[in-house]
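In: everything below, folded, please.
(2 chains)
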Amino acid sequence: MKADDSGLAARGYLYYPGCSLRATGVAYEESLLTLFRLLGLPLRELEDWNCCGATSYMSIDEGAAALLSARVLSLARQQGAEDLLAPCSACYLALRKTQDSVHRYPRVQQEVEESLARAGLTLLNSTRIRHPLEVLYTDVGLPAIHTKTVRRWRGGQVACYYGCQLVRPYEGVDKAQNPTRMEELLQQVGVPVVDYALKTKCCGGSLTGTLSEVGLRLNYILLKEAARKGAEAIVTVCPLCQFNLDAYQRDIRQQSGERFDIPILYFTQVLGWALGGGVRELGLHRAVSGRNLIKRWFQAHEPVEAYV
Amino acid sequence: MQALTLRKMKFQREALPQWVEQISDIPGCERVYSCIQCGTCSGTCPLSIYMDFTPRRVIALVREGFRTEALTCQTIWLCASCYACTAHCPQNVHITEVMYSLKREAIRHRMYPPRFPIPVLAQEFYKSVRRRGRNSEFWLVLRMALRSNPFLLLKMIGTGWRLLRTGRLSLKREKIERIQEIQKEFAAPREAIS
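Out: I've put the predicted structure just below:
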């Protein structure tokens, strides 16, 4: 699995941003591209990608949901990739699920193949769906992250939050019960992590917008527990988790009466910073909550110093 | 009369065993008969305390064939598809898939509470992606609120403003170039969705 640096760099990765990374999760895309550039692994965007359908398509028509993912998988193969990087948890799950159900149910496979054929596409189900967390951990490896670190961490302790759909029901990225890869990666760049028992508890997804009393309450619990464990920030791997925890802290204050101003970062922002990325190219200026702390922790004028 | 509507007891003659067979034929829902009613799903579900029926009770309703109760409850809409129940179920019942199948049938037969935002969001999402190939968050939320509860928009003004200020609120309506590929894929007769 562990390819040498030159082979990896030549191959690069094809990546599938998904809708969130073009709107509320734009900082995730910025920091992902910056981090992979700093690692010498260029990312190439999947050309003419479509939406994965997320949970909404599954609630309406599971056949149509499979067709959306099938087109993405088919494009990836057309564009010459064996691996497709899906940074958003919802996209990652939708693609994995389609692959799994095509593999397990001949009638699903038949329907998907017939529908793709109408659009002049063929399904090649062998594309490997990857997530950046797993690529960093497996392909790049912890030692390479450590040697490439150029900045000392000036911030406080963080809680690593994985959310739901990345680790469940498929275990490709990390263990379902107690994932630890994010902690291991962050420790390589000197970031202290706290033990966070709610790391795979759901943030409620779109409930913050549809049934806000319930959605806010779920996010309140996540913030409260992180603070109780002494974390000064939460690090996430999913654009929807980041959005919920970051954008609603004022509403949570109105509901619970407790004040939160906690930075909610992407793991790619923290790693990208350690590897020498700038504040703006990592999208750190896009945070809604914890802006003062972010300003203090990520000071761009500090000279980049040798770390190892 | 009121006592009748409030009763918790269910009668065998109200059950639809053939409906359970249909459900268990859906990919992912095969193991619904294997449920041992241990309640692990309800215990792990982060939303069960807000539900009218816990996930365990919904599975019991489905398994016995009480279709109306299973399709009209709020539980299926509160399910955020986090897969905690599916991952922990000792009998390997894919509860999340069962919830999805109930959502689909409830939408098909319009059995959800009127103007309830969650199914409206799913429908608007569906339409937008079928038409343009991608979903644009701002327009999706706007349409969802206008069709369900415009009051929701008032609550969102503050958040919207903060997102706009940080460059995270895109007003662009995304569209893919080869949208005809999606439309051809979807061209087979499918059940109508509005």
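In: residue A:84 and residue B:30, how far apart?
Out: 29 Å (CB to CB, to the nearest Å). Placement of C-beta: from N, CA and C, glycine included.
In: now residue A:116: phi and psi?
Out: When read as degrees, to the nearest 10, the backbone of residue A:116 gives phi -60, psi -40.
In: in this structure it contacts residue A:68, no?
Out: No: assessed by CB atoms under 8 Å, residue A:116 is found out of contact with residue A:68, at 11.1 Å.
In: ok, those two, which is more surrounded?
Out: residue A:68 (23 against 20; other CB atoms under 10 Å in any protein chain shown).
In: pretty sure the more buried one sits against residue A:56.
Out: No: the criterion here is CB under 8 Å, and residue A:68 misses it with residue A:56 at 10.6 Å.
In: what does the stretch 151-300 of chain A have sitting close to chain B?
Out: A:164-165, A:168-169, A:176, A:200-202, A:204-207, A:209-212, A:214, A:218, A:247-248, A:250-251, A:285-288 (CB under 8 Å from any CB of the partner chain).
In: tell me, how many residues neighbour the closest residue to residue B:70 other than its chain neighbours?
Out: The shortest distance from residue B:70 to any non-neighbouring residue, by CB to CB, 6 or more residues apart in numbering or on different chains, is to residue B:61 (4.4 Å). By the criterion of other CB under 10 Å, residue B:61 has 22 neighbours.
In: circling back: the more surrounded of residue A:84 and residue B:30?
Out: Taking neighbours as other CB under 10 Å, residue A:84 and residue B:30 compare with residue A:84 leading, 24 against 15.
In: how near is the residue of chain A positioned farthest from its centre to residue A:70?
Out: Farthest-out residue of chain A from its mean C-alpha position, per CA atoms, centre = their mean: residue A:118, at 33.1 Å. Distance, residue A:118 to residue A:70, by CB to CB: 12 Å.
In: what does residue B:146 give?
Out: 32 Å.
In: my guess is residue B:15 meets residue B:63, correct?
Out: No: assessed by CB under 8 Å, residue B:15 is found out of contact with residue B:63, at 9.8 Å.
In: so where do the helices sit in chain B?
Out: Here chain B has its helices, by DSSP state H, at B:2-6, B:17-24, B:40-44, B:55-64, B:67-72, B:75-78, B:84-88, B:95-108, B:117-132, B:137-148, B:151-165, B:179-185.
In: these: lowest mean pLDDT?
Out: Here those differ in mean pLDDT, and the lowest is helix B:2-6 at a mean of 53.
In: when residue B:15 and residue B:63 are compared, which one has more neighbours?
Out: Set side by side, residue B:15 and residue B:63 show more neighbours around residue B:63, with 21 against 16, by other CB under 10 Å.
In: wait, the more buried one touches residue B:21, no?
Out: No: with contact defined as CB under 8 Å, residue B:63 and residue B:21 do not form a contacting pair (11.2 Å).
In: now tabulate the helices of chain B in JSON lines and tack on distance to residue A:43.
Out: As requested, the helices of chain B are exported to JSON lines (distance: least, CB to CB, whole Å):
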{"stretch": "helix B:2-6", "distance to residue A:43": "58"}
{"stretch": "helix B:17-24", "distance to residue A:43": "42"}
{"stretch": "helix B:40-44", "distance to residue A:43": "36"}
{"stretch": "helix B:55-64", "distance to residue A:43": "39"}
{"stretch": "helix B:67-72", "distance to residue A:43": "44"}
{"stretch": "helix B:75-78", "distance to residue A:43": "37"}
{"stretch": "helix B:84-88", "distance to residue A:43": "30"}
{"stretch": "helix B:95-108", "distance to residue A:43": "31"}
{"stretch": "helix B:117-132", "distance to residue A:43": "24"}
{"stretch": "helix B:137-148", "distance to residue A:43": "22"}
{"stretch": "helix B:151-165", "distance to residue A:43": "25"}
{"stretch": "helix B:179-185", "distance to residue A:43": "24"}
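In: please name the nearest non-neighbouring residue to residue B:75.
Out: Residue B:75 sits nearest to residue B:51 (CB to CB, 6+ apart), 4.2 Å away.
In: please report phi then psi for the one you found.
Out: phi -90, psi 150.
In: burial count for residue 21?
Out: Going with chain A. 21.
In: looking at chain B here, not the other one
Out: Residues near residue B:21, counting by other CB under 10 Å: 11.
In: what of the one 5 residues further on?
Out: Applying other CB under 10 Å, we find 17 other residues in the vicinity of residue B:26.
In: surely it touches residue B:101?
Out: Yes: between residue B:26 and residue B:101 a contact is recorded at 4.9 Å, counting by CB under 8 Å.
In: so what sits against both of the two?
Out: Counting by CB atoms under 8 Å, 6 or more residues apart in numbering or on different chains, the residues touching both residue B:26 and residue B:101 are residue A:62.
In: how about the contacts made by the nearest residue to the residue farthest from the centre of chain A once chain neighbours are set aside?
Out: Nearest non-adjacent residue to residue A:118, counting by CB to CB, 6+ apart: residue B:184, 4.6 Å away. Neighbour list for residue B:184: A:118, A:119, A:120 [criterion: CB under 8 Å, 6+ apart].
In: just those: which are in helices?
Out: Per DSSP H, the subset of those in helices is residue A:118.
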